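>>> Need coordinates for the following:
(chains A, B, C and D)
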There are 4 protein chains.
Amino acid sequence: MSAPGPVRVTVWGENRHEQHEPAVAERYPRGMHGAVAEGIADNLGAGAVVRTATLDEPEHGLGEEVLAATDVLTWWGHAAHAEVSDEVADRVHGHVLDGMGLVVLHSGHWSKVFQKLMGTTCTLRWRSERDRELVWTVDPTHPIAQGVPHPIVIDEQEMYGEFFDIPAPDELVFISSFSGGEVFRSGCTFRRGHGRIFYFSPGDQDYPVYHHPDVRRVIANGVRWARSDRPRRERPALLRSAPVGSAPGHEPGGAPGPGRG
Amino acid sequence: MSAPGPVRVTVWGENRHEQHEPAVAERYPRGMHGAVAEGIADNLGAGAVVRTATLDEPEHGLGEEVLAATDVLTWWGHAAHAEVSDEVADRVHGHVLDGMGLVVLHSGHWSKVFQKLMGTTCTLRWRSERDRELVWTVDPTHPIAQGVPHPIVIDEQEMYGEFFDIPAPDELVFISSFSGGEVFRSGCTFRRGHGRIFYFSPGDQDYPVYHHPDVRRVIANGVRWARSDRPRRERPALLRSAPVGSAPGHEPGGAPGPGRG
Amino acid sequence: MSAPGPVRVTVWGENRHEQHEPAVAERYPRGMHGAVAEGIADNLGAGAVVRTATLDEPEHGLGEEVLAATDVLTWWGHAAHAEVSDEVADRVHGHVLDGMGLVVLHSGHWSKVFQKLMGTTCTLRWRSERDRELVWTVDPTHPIAQGVPHPIVIDEQEMYGEFFDIPAPDELVFISSFSGGEVFRSGCTFRRGHGRIFYFSPGDQDYPVYHHPDVRRVIANGVRWARSDRPRRERPALLRSAPVGSAPGHEPGGAPGPGRG
Amino acid sequence: MSAPGPVRVTVWGENRHEQHEPAVAERYPRGMHGAVAEGIADNLGAGAVVRTATLDEPEHGLGEEVLAATDVLTWWGHAAHAEVSDEVADRVHGHVLDGMGLVVLHSGHWSKVFQKLMGTTCTLRWRSERDRELVWTVDPTHPIAQGVPHPIVIDEQEMYGEFFDIPAPDELVFISSFSGGEVFRSGCTFRRGHGRIFYFSPGDQDYPVYHHPDVRRVIANGVRWARSDRPRRERPALLRSAPVGSAPGHEPGGAPGPGRG
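Next up, the predicted model:
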């Protein structure tokens, strides 16, 4: 039960708006992924080692070695979900099932990876017209909710509203309201396989939300929470099993393929 | 709030063991799907209209018109999960999100449809050595648990044990034990999109479990529960939305594709 | 599995504001309990038999015979929670554990009965300044959410906001927003013992909310949902138990008192 | 986000069997509370400061100052639940709502404190006839499940079986089976107010279960998990609240008593 080393974080960003829209580039001079990474590093200090990866890198910057060396991956995409290759989406999905933590941000709700993990459409109601968002804590005991005001006030933000087509979350941490009267389950946790997933909706290319100190704190808390406590990464597997206490020679064999006896 | 008509049930069966293994054919002379269908019809009487469909029919018997006319689909497959076409699996998945009920039986845990809805491997621990299974009710208020003893005793059955790699169920209705000492979350509900899903593990080709009156009762209860209360089938969709109460001319437009503004 | 008879509903109302405040009496000429009862009767028609009971009746109108003949009790109280006798609160609590359904309305969140069932303070944030409340459905598959718009619009209402100190609900059906920016888990289900509980927050003495057709529809849906499927009312009990399948002579005895062997 | 100091643990034991039954005294020479305390200290090392308190001390050893200085309380009682004063039970209940962690062990399921927090009877099925208990992990991502085998094997133990009359747990971590065929939700978490609660059923006066290394590890894990992340202890309270962003002079006042506004 010794203290683990720093959490190894990979911040993934689509990095397209920053290239094509000067206003976004000005808002996020080091990219949106840069702002997210900075927020994590600032909050976790020596408790984290943070790198970034983006869509246009080979394998979107998410090769097998990168993922194997990542404790927690954060995901932001928006305009180019369809350009993420199925191979990389499957690889990320697999690593989450093996135990990699995943923090899905804002429009990442519609990514291949999140849809594949949820099994639903992950659709929602939206509007980008400078709503004020208030983020209220509904699980004050949750580690992700520590250190932020109740509510968090975000002066200008895209509206995300219900119905948000996700499975009922394992834990509902935050609920947001918007100027237009909408509500949204804005902070949700899920466990899938051996992995922990945190979805957090605040954040957008058109507003400086990833510079907001409370939003950064929540993302950093989410990273710490999503890190697995398990000693090694491993996929849950089909297992043929002998009765407990039976003779060793009778022990479980490996998992046969589909159509097993 | 008038009473709805009879629930329209389609019982899907892989129907391969029955063809290739005389012992299975003898155990289930009208097919395993036949036994499941009979159990539902016996329990629901005039409250259900039941038909069957199998793997070797065109489109596996699950064409668009069949699914559109199905309130609840039950699914049993085992040896040939891989032979279910992706197109049909996607179609079934879509109908569940639209509001079709789904009852997944036993080895259907490893079907494409169930995996796609769960987002996990759906693997488990198993052994086919005539274990006795006891099915205990842990949610005595649940409609699916009505009318059966506590526990249900199944004299001979395949063992399914934990860890069962599924998302935490919305409701845990039954937990089973086996002679070998294993436990299993054997009755679980999930909501996905507009659809309700019930997974129930008892049932196997090598044991006469689908003739067991309590197992049949639970499956029939599950069918009634899984039927949607919604007036029509509809997929949750991305929706651009005006503030509540804003001028009609400002009303929500349709949902743009990925990469929306 | 024959259709059950009409649900027997007792609508409990504190009935104090109506006596002391002319504005409330004018708003609710047959009492608030009268308006709630009317809404249930209108929506359920021949499917319900509705009576009312109030604080100032002997035993608050909730004697043993009344509760024994009640399938679902609805509860509204506000100014006089402390005047409800412990004996009656304990009796209601016991009947819920036995299987009576309970629908707790608005300020009933702070009643002895609800606190006793929840185990928490049931406190919240509030303001009575004519906020507009919007009630959004977050579980569109739930029977309680059927037949109402998304959102329900309540033009004038008391604000109830988070943090609402309740256990995480079994099912979260509705989330409300208010003009002041607050959010609230306004429709929640809980199972306790053999009973089902629905909490629904809209409704107040100072606003005509119990005349609102959508609010009445939700309460009626809640009544239908809260009715037990179990054949008889019975308290969960401590039970000394023989191994399953052991000799009949070895069968479970009764439940000894605390300090059992 | 600096590392917190050692967790301050108070291990509460009824300490009656040890005095009246020589076999128990021999099995647990430093008392059952002594064995539990030792297991926590051994596992958490410098990460915990552990003390004990027992029924026969003044205020059962649980005066206001003791609880105020306790991060996590563990509770074992059996023969003398009724002798715990209502005042102390209320005090402990209040501290949990304020944020003190609580680990309830075995027959503590029937304590006043646990019943008050759950709102249900907390009854179950039982038998003390040297069953073998197997404890299976069903949430492998949970911190409480780390470092123990799957299953934990307890050679001799009292049987606790379903139906266990508790609210559906927030997280179900362990399920046990017994030689007699019963199952039990043996590791459950709950959040109430600002407090975290872990119930763990293995452990009994008649078997040496609190010397079992895996059981000790789980209890120690539970203690670490139950400790609050909140900076100070505070009861959730009724709060009159101004709209977010309104003028400071309009700010929330205190919480009036029942019958407010």
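>>> After the longest strand along chain A, heading C-terminal, what element do we hit next?
Secondary structure assigned by DSSP state E gives strand A:125-137 as the longest strand of chain A. Sequence order places strand A:152-161 as the next helix or strand after strand A:125-137, per DSSP states H and E.
>>> Please enumerate residues in contact with that following strand?
A:106, A:109, A:124-135, A:176, A:178-180, A:182-184, A:186, A:201-202, A:204, A:206-207, A:209, A:212, A:214-215, A:218, B:241, C:136, D:244-245 (C-beta atoms under 8 Å, 6 or more residues apart in numbering or on different chains). In short, each C-beta sits where N, CA and C put it, glycine included.
>>> all strands for the stretch 1-150 of chain A, in order.
A:7-13, A:48-54, A:72-76, A:101-105, A:125-137 (DSSP state E, counting those that start in this stretch).
>>> among the ones you listed, which is nearest residue A:41?
Closest approach to residue A:41 among the strands of the stretch 1-150 of chain A (C-beta to C-beta): strand A:48-54, 4.9 Å.
>>> and the angle from the closest one to strand A:7-13?
In terms of direction (axes from the mean of the first three to the mean of the last three C-alpha atoms, to 10 degrees), strand A:48-54 departs from strand A:7-13 by 20 degrees.
>>> Next, the buried residues of strand A:48-54.
Neighbour-count burial for strand A:48-54 flags A:48, A:50, A:52, A:53, A:54 (criterion: 16 or more other C-beta atoms under 10 Å in any protein chain shown).
>>> for stretch A:147-166, same thing?
A:147-148, A:151-152, A:154, A:156-166.
>>> Can you tell me the strand partners of the longest strand of chain A and which way each runs?
strand A:152-161 (antiparallel), strand A:171-178 (antiparallel), strand B:239-240 (parallel) (DSSP bridges).
>>> Quick one: mean pLDDT over the longest one.
Averaged across strand A:152-161, the pLDDT comes to 97.
>>> before we move on, what about stretch A:35-53?
Mean predicted confidence for stretch A:35-53 is 98.
>>> circling back: including distance to chain D, could the buried residues of strand A:48-54 go into TSV?
Converted to TSV, these look like this (distance: C-beta to the nearest C-beta, whole Å):
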residue	distance to chain D
A:48	11
A:50	15
A:52	22
A:53	24
A:54	28
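>>> out of these, which one sits closest to chain B?
Nearest to chain B out of these is residue A:54 (C-beta to the nearest C-beta; 16.5 Å).
>>> What residues does the closest residue to the closest one other than its chain neighbours make contact with?
Once flanking residues are discounted, residue A:54 sits nearest to residue A:15: 4.0 Å by C-beta to C-beta, 6 or more residues apart in numbering or on different chains. Applying C-beta under 8 Å, 6+ apart to residue A:15 gives the contacts A:31, A:32, A:33, A:54, A:55, A:56.
>>> Those residues: which two are farthest apart?
A:32 and A:56 (14.0 Å).
>>> So for these two, which residue has more residues nearby?
Neighbour count, other C-beta atoms under 10 Å in any protein chain shown: between residue A:32 and residue A:56, residue A:32 has more, with 28 against 12.
>>> The more buried one against residue A:208, yeah?
No: the pair residue A:32 / residue A:208 is not scored as a contact, 10.3 Å apart, by C-beta atoms under 8 Å.
>>> in what helix or strand does the closest residue to residue A:149 other than its chain neighbours lie?
Distance criterion C-beta to C-beta, 6+ apart; nearest residue to residue A:149, sequence neighbours excluded, is residue A:214 at 6.5 Å. For residue A:214, the host element (DSSP H and E) is helix A:213-226.
>>> what does the average pLDDT come to for stretch A:62-75?
pLDDT averaged over stretch A:62-75 gives 98.
>>> Same question for stretch A:82-94.
98.
>>> near chain D, anything from it?
No: Stretch A:82-94 is not in contact with chain D by C-beta under 8 Å from any C-beta of the partner chain; minimum separation 15.9 Å.
>>> Any idea which residue is closest to the centre of chain A?
residue A:103 (1.6 Å; C-alpha atoms, centre = their mean).
>>> I'd like the distance between that one and residue A:197.
Applying C-beta to C-beta, to the nearest Å, the value for residue A:103 to residue A:197 is 8 Å.
>>> Give me the common contacts of those two.
With C-beta under 8 Å, 6+ apart, residue A:103 and residue A:197 have common neighbours residue A:226.
>>> so where's the stretch 151-261 of chain A uncertain?
Scanning the stretch 151-261 of chain A for pLDDT under 70 picks out A:247-261.
>>> At the contact with chain C, which residues of it appear?
Proximity of the stretch 151-261 of chain A to chain C (C-beta under 8 Å from any C-beta) is limited to residues A:151, A:161-164, A:168, A:171-172, A:175-178, A:181-183, A:185.
>>> same thing with the stretch 1-150 of chain A?
So far as C-beta under 8 Å from any C-beta goes, the stretch 1-150 of chain A lies against chain C at A:132, A:134, A:136, A:137, A:138, A:139, A:140, A:150.
>>> Can you go through those and name the buried ones?
A:132, A:134, A:136, A:137, A:138, A:139, A:140.
>>> just curious, which of those residues is nearest to residue B:5?
Closest approach to residue B:5 among those (C-beta to C-beta): residue A:138, at 40.0 Å.
>>> Show the contacting residues for residue A:228.
Residue A:228 sits in contact with A:71, A:99, A:100, A:101, A:194, A:195, A:196, D:141, where contact means C-beta under 8 Å, 6+ apart.
>>> Recalculate using a threshold of 7 Å.
By C-beta atoms under 7 Å, 6 or more residues apart in numbering or on different chains, residue A:228 lies in contact with A:99, A:101, A:194, A:196, D:141.
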